[in-house]
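Asks: I would like the atomic coordinates for the input below:
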Amino acid sequence: MLRMVCGRGLLPSNNVRIQSTQTPFSYTSLINNYSRFAYGKVGVRQYAAKRPTVVGTPLNAPRAGPATIPRHIKLKATREGFKSIKKVGQIEGPSVTVVLIGWVIMSLTAGAMSMSMDTDPDQTALLLARPERLRNKLLSKSLDLLERELKIIMSCTEYSDDVKRLLLQDEFYADTLLTYCTHPGVNVEIRNYAAHILEVACRLPEMHQTVVLERGFHLKIIEALTEKDPSLYVKKQLATALCNFAIHSQPNDEGINDIALALGQAGVVKLLDLYHDNTYLRRRSQETAMERVSATCVAYAETKTEDVRLAGLTEAEWAQMHKYAALDAKARQSFMYEFKSSLVESGVLMYFHTAAGGLVWGVAESIRAKKPWKEVAKYGLRTSLVTCLVPIYFVGASVTIYNYARKQCEDSFDIMVLNSSAMMTLIPWYFILPKVERFSPFWIGGHVVGFVSFFCYLLYTNADNLQNDNNLKYRDDQYRRWKARQGMSFQVPAQPKADN
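Replies: Down below sits the predicted model:
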């Protein structure tokens, strides 16, 4: 293309070399000016001003100045962008083979490093194969050893539903962990680990029927929170466990939510309302749980007037339930209630924010570049499409599939295979991203606007994702130092006899 510009049709052969009388065009400057060059802000006129000379062209051949560039040449340069300059050897990049080999080596290295660093699958397999190891870990005599063992159990519980199920199936495990949460002789780390393990285990909806209705474990949690005055972090974690029972509860075949009724009868609304007034303990999930439990109890009391299941509630508790039931009824009047609740709980709302951010950024940049309205709409829609699909692939699909596969790993070799395979799935994006850049040049800025919008929404709605527990742990650390000065002793609870 430059040969046509500078030689006015006196084109040498394809293997002719281009020389320039001025400083050669650099790769760095090309990258810096690519977006402007690709959309006509910087055209061939600027690069032709360097006055390159074609080897083999007669010296007296006329050369085109900046004012005589044909229109179709400028359009071609604007349309082809990188392709026109790469033709004459201005851009050099690694070959596809080198990229593939390098990425495979890096993926295998990362997988091997993760195998050596991550021992959770091995520990999980041992716990599931020999449940008595879990009992021995929970009954460690040394405080330091108990702290290390609880940390290992916490890591296993995070990634394995089988460990969650094991902890909740046997009443001994849950009761022992709850004892550690409120025991006056253990340090803050042991309490925090035990409370976190219980909260994570209570996320398993299939065990709520057994834990709440058959064993009444929610009553033990409420007793620990009201009578033993645990630390702030333990209060928050155990309150979140109660919220998990309420939020994930479902009605039975008769349309009655027995779990919500049991929680309301036990006084969960009164307890969560007390914590919701505390700046450090306030969470959005508490408000959701109180609204659902209150709405269930109020509706049940109006239809089942002869039932005495809720007869033990005081007038103050009923007043609180009516208040939160009214808030729930007001929210349900909106036609977006069910749709919004599913979007927030599933995380799909983020994709709407990124799509809207891409649309706004694409339109704004196109208008700033003084593009025609047809191109403004085109680049706005393209940017919106890309900023919606890319997070869906990376955040929605990839992360979900990885977390599911991670829970199925039983040993360290499976972890290595999983991490190496996950990194190799990124290889196609080495070739896809340049096409995405040409299709939608404003997609990076659109992502920034979309994510900023999403996080502002989370901040405005006081979402639990933005709550930091470090404030609670800092205050509990002060309490730990005070306990250390008291010199209190610690006794491990007696091990109950195994059932025959």
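Asks: now for the longest helix along the chain, which elements pack on it?
Replies: When the chain is parsed with DSSP state H, its longest helix is helix 96-117. Contacts defined by 3 or more CB pairs under 8 Å, 6 or more residues apart in numbering; DSSP states H and E place helix 96-117 against helix 412-424. No exception for glycine: its C-beta is placed from N, CA and C like everyone else's.
Asks: and the helix it packs on, which residues are buried?
Replies: Of all the residues in helix 412-424, those buried under the rule 16 or more other CB atoms under 10 Å are 412, 414-416, 418-420, 422-424.
Asks: would you list these in CSV and tack on pLDDT and distance to residue 433?
Replies: What follows is these, written out as CSV (pLDDT from 0 to 100; distance: CB to CB, whole Å):
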residue, pLDDT, distance to residue 433
412, 72, 32
414, 78, 30
415, 79, 28
416, 82, 27
418, 84, 24
419, 84, 22
420, 85, 21
422, 86, 18
423, 86, 16
424, 87, 16
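Asks: ok now the longest helix of the chain, how far from the chain's centre?
Replies: 25 Å (CA atoms, centre = their mean, to the nearest Å).
Asks: so what touches it?
Replies: Defining contact as CB atoms under 8 Å, 6 or more residues apart in numbering, one finds that helix 96-117 is touched by 94, 412-413, 415-421, 423-424, 426-427, 430.
Asks: run through the stretch 51-200 of the chain and note the low-pLDDT ranges.
Replies: 51-94, 115-122 (pLDDT under 70).
Asks: could you redo the last one with a cut-off of 50?
Replies: Scanning the stretch 51-200 of the chain for pLDDT under 50 picks out 51-67, 82-92.
Asks: just the helices in it please.
Replies: 71-80, 82-87, 96-117, 120-129, 131-138, 143-159, 161-169, 171-182, 188-201 (DSSP state H, counting those that start in this stretch).
Asks: what packs against the last one?
Replies: If contacts are counted by 3+ CB pairs under 8 Å, 6+ apart, helix 188-201 sits against helix 143-159, helix 161-169, helix 171-182, helix 232-247, helix 470-486.
Asks: tell me the most buried of those?
Replies: helix 232-247 (a mean of 24; mean count of other CB atoms under 10 Å).
Asks: can you name the helix or strand that residue 252 falls in?
Replies: For residue 252, there is no host helix or strand (DSSP states H and E).
Asks: quick check: residue 224 touching residue 230?
Replies: Yes. Between residue 224 and residue 230 there is a contact at 6.5 Å, judged by CB atoms under 8 Å.
Asks: now do the shared contacts for the two.
Replies: Common contacts of residue 224 and residue 230 (CB under 8 Å, 6+ apart): 181-182, 238.
Asks: can you lay out those residues as a markdown table showing distance to residue 316?
Replies: Listed next are those as a markdown table, based on distance: CB to CB, whole Å:
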| residue | distance to residue 316 |
| --- | --- |
| 181 | 28 |
| 182 | 26 |
| 238 | 23 |
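Asks: thinking again about what came up before, between the contacts of helix 96-117, which sits nearest residue 248?
Replies: Closest to residue 248 out of these is residue 418 (27.8 Å), distances taken as CB to CB.
Asks: separation between the closest one and residue 176?
Replies: In this view, residue 418 and residue 176 are 32 Å apart by CB to CB, to the nearest Å.
Asks: swap in residue 438?
Replies: For residue 438, the distance to residue 176 equals 60 Å [CB to CB].
Asks: cool, and residue 303?
Replies: 40 Å.
Asks: residue 459: neighbouring residues, count only.
Replies: 11 (other CB atoms under 10 Å).
Asks: residue 254 - that's part of a helix, no?
Replies: No. Using DSSP: H, G, I helix; E, B strand; the rest coil, the secondary structure at residue 254 is coil, not a helix.
Asks: just give me the neighbour total for it.
Replies: Using other CB under 10 Å, residue 254 is surrounded by 6 other residues.
Asks: so who does the closest residue to residue 193 other than its chain neighbours touch?
Replies: In space, and not counting its chain neighbours, residue 193 is closest to residue 150: 3.9 Å by CB to CB, 6 or more residues apart in numbering. Residues near residue 150 by CB under 8 Å, 6+ apart: 137-138, 180, 190, 193-194, 197.
Asks: can you tell me how far residue 150 sits from residue 112?
Replies: Applying CB to CB, the value for residue 150 to residue 112 is 29 Å.
Asks: and residue 358, by the same measure?
Replies: To residue 112, residue 358 is 38 Å away according to CB to CB.
Asks: now swap in residue 283 and tell me
Replies: Applying CB to CB to residue 283 and residue 112 gives a distance of 40 Å.
Asks: same question, residue 395
Replies: Per CB to CB, residue 395 is found 27 Å from residue 112.
Asks: how confident was the prediction at the residue nearest to the spatial centre of the chain?
Replies: Closest to where the C-alpha atoms of the chain average out (CA atoms, centre = their mean) is residue 395, at 6.8 Å. pLDDT recorded at residue 395 is 82.
Asks: I figured it hits residue 353, correct?
Replies: No. Counting by CB under 8 Å, residue 395 does not reach residue 353; the two are 11.9 Å apart.
Asks: what's the domain layout of the chain?
Replies: 2-87, 269-333, 349-460 (automatic domain parsing).
Asks: check which residues of the helix or strand harbouring residue 353 are buried.
Replies: Here residue 353, judged by DSSP H and E, is contained in helix 349-368. Within helix 349-368, the residues scored as buried using 16+ other CB under 10 Å are 350-351, 353-366.
Asks: only alpha carbons, please: show the very next helix or strand once past that helix as CSV.
Replies: For helix 349-368, the following helix or strand on the C-terminal side (DSSP H and E) is helix 373-391. Written as CSV, here are the backbone C-alpha positions of helix 373-391 (Å, rounded to 0.1, in the frame of the first residue of the first chain):
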residue,chain,number,x,y,z
TRP,A,373,-25.1,7.9,14.0
LYS,A,374,-25.2,4.7,12.2
GLU,A,375,-21.6,3.8,13.4
VAL,A,376,-22.5,5.1,16.9
ALA,A,377,-25.2,2.6,17.1
LYS,A,378,-23.1,-0.1,15.6
TYR,A,379,-20.1,0.3,18.0
GLY,A,380,-22.5,0.7,21.0
LEU,A,381,-24.2,-2.6,20.3
ARG,A,382,-21.0,-4.4,19.5
THR,A,383,-19.3,-3.2,22.7
SER,A,384,-22.4,-4.2,24.7
LEU,A,385,-22.4,-7.7,23.2
VAL,A,386,-18.8,-8.3,23.9
THR,A,387,-18.8,-6.9,27.5
CYS,A,388,-21.8,-9.2,28.2
LEU,A,389,-20.5,-12.4,26.6
VAL,A,390,-16.9,-12.3,27.9
PRO,A,391,-17.9,-12.2,31.6
